[in-house]
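Colleague: quick one, fold the following:
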Amino acid sequence: MQRAPIIVSLFVWALLSGDATAQDIQLITLDGQKKMLTDPGTVPAGARKPDVTIVEYFDYNCPYCKKLAPELKALLGQDRKVAVLYKDWPILGAVSVYAASSALAAGWQGKYLAAHDALMNGPRLAQDGQVDTLLQSAGVNVDTLKRDRTGHAMEIVALLARNDEEAHALNLSGTPGLVVGRQLVPGVVDLNFLKELVAHSRQEK
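Modeller: Residues are numbered from 1 along each chain as shown. Below you'll find the model as predicted:
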């Protein structure tokens with residue numbers, strides 16, 4: 001079944017600070033946003049009833065995602081009405097796929113966010129064993145994780161395929177891919193710009 005276009009109009013927003021002087025920010029359709037947020041397969045971080053939800057498509061081995069992580073964490077600490085929904089999109093090799101699958105499997109222990117933070121804040125992953133060690137240190141039961149990774153393999157594969165389909169529908173060329181409300185933002189942004197995007201999303205409502 002063919003999906004309806006997920007992206008509509010384009011506008012330009014000049015950055016006040018960050019890695020670039022200006023960025024093109026595309027707007028996601030309301031239908032596309034609804035599909036993105038419905039039954040996402042993971043629990044969001046932050047507000048339980050947010051007025052703005054940020055979606056991030058990421059890879060645990062992406063250095064830019066690691067750079068963005070503390071900015072998102074700082075935003076959540078300062079704005080109690082924002083939630084961040086992480087969408088695992090492992091595009092940087094087999095270890096990335098293993099890490100994403102393991103983090104998602106940790107969700108059956110109620111440990112997805114703990115697994116996400118441990119892997120995102122850890123070193124670059126070169127071996128699968130590193131993933132298990134980091135998750136164990138974050139309080140994940142590795143034996144249970146292995147059983148869930150096998151027992152729920154089809155669900156995990158389906159969720160990763162869904163995230164990949166969404167990322168391609170958004171025309172993302174790499175990680176991180178960030179959607180703030182309905183605003184699709186390419187690349188890394190800083191905390192101040194995140195706040196601007198959140199404020200703009202609230203104004204649009």
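
Colleague: tell me where the protein is predicted with low confidence.
Modeller: Low-confidence segments of the chain (pLDDT under 70): 1-24, 205.

Colleague: where along it do the helices fall?
Modeller: Ranges of helices within the chain are 30-37, 63-78, 94-106, 112-120, 128-137, 142-151, 153-169, 191-204, based on DSSP state H.

Colleague: ranking those helices by burial, who's on top?
Modeller: Stretch with highest mean neighbour count among those: helix 94-106 (a mean of 23; mean count of other C-beta atoms under 10 Å). Any C-beta I mention is one placed from the backbone N, CA and C, and that applies to glycine too.

Colleague: so for Tyr86, which of the helices of the chain sits nearest?
Modeller: For these, the distance to Tyr86 is smallest for helix 112-120, at 5.7 Å, taking C-beta to C-beta.

Colleague: and the residue sitting furthest away from the middle of the chain, how far is that from Arg149?
Modeller: Within the chain, Asp143 marks the point farthest from the mean C-alpha position, 26.0 Å out by C-alpha atoms, centre = their mean. From Asp143 across to Arg149, the span is 11 Å (C-beta to C-beta, to the nearest Å).

Colleague: what do you get for Pro90?
Modeller: Per C-beta to C-beta, Pro90 is found 14 Å from Arg149.

Colleague: so what sits against both of the two?
Modeller: By C-beta atoms under 8 Å, 6 or more residues apart in numbering, Pro90 and Arg149 have these common neighbours: Ser101.

Colleague: could I get the helices of the chain in TSV, plus columns for distance to Arg48?
Modeller: Formatted as TSV, the helices of the chain follow (distance: least, C-beta to C-beta, whole Å):
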stretch	distance to Arg48
helix 30-37	14
helix 63-78	12
helix 94-106	20
helix 112-120	13
helix 128-137	25
helix 142-151	25
helix 153-169	22
helix 191-204	17
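
Colleague: among the ones you listed, which comes closest to Gln183?
Modeller: The closest of the helices of the chain to Gln183 is helix 191-204. By C-beta to C-beta, the value is 5.6 Å.
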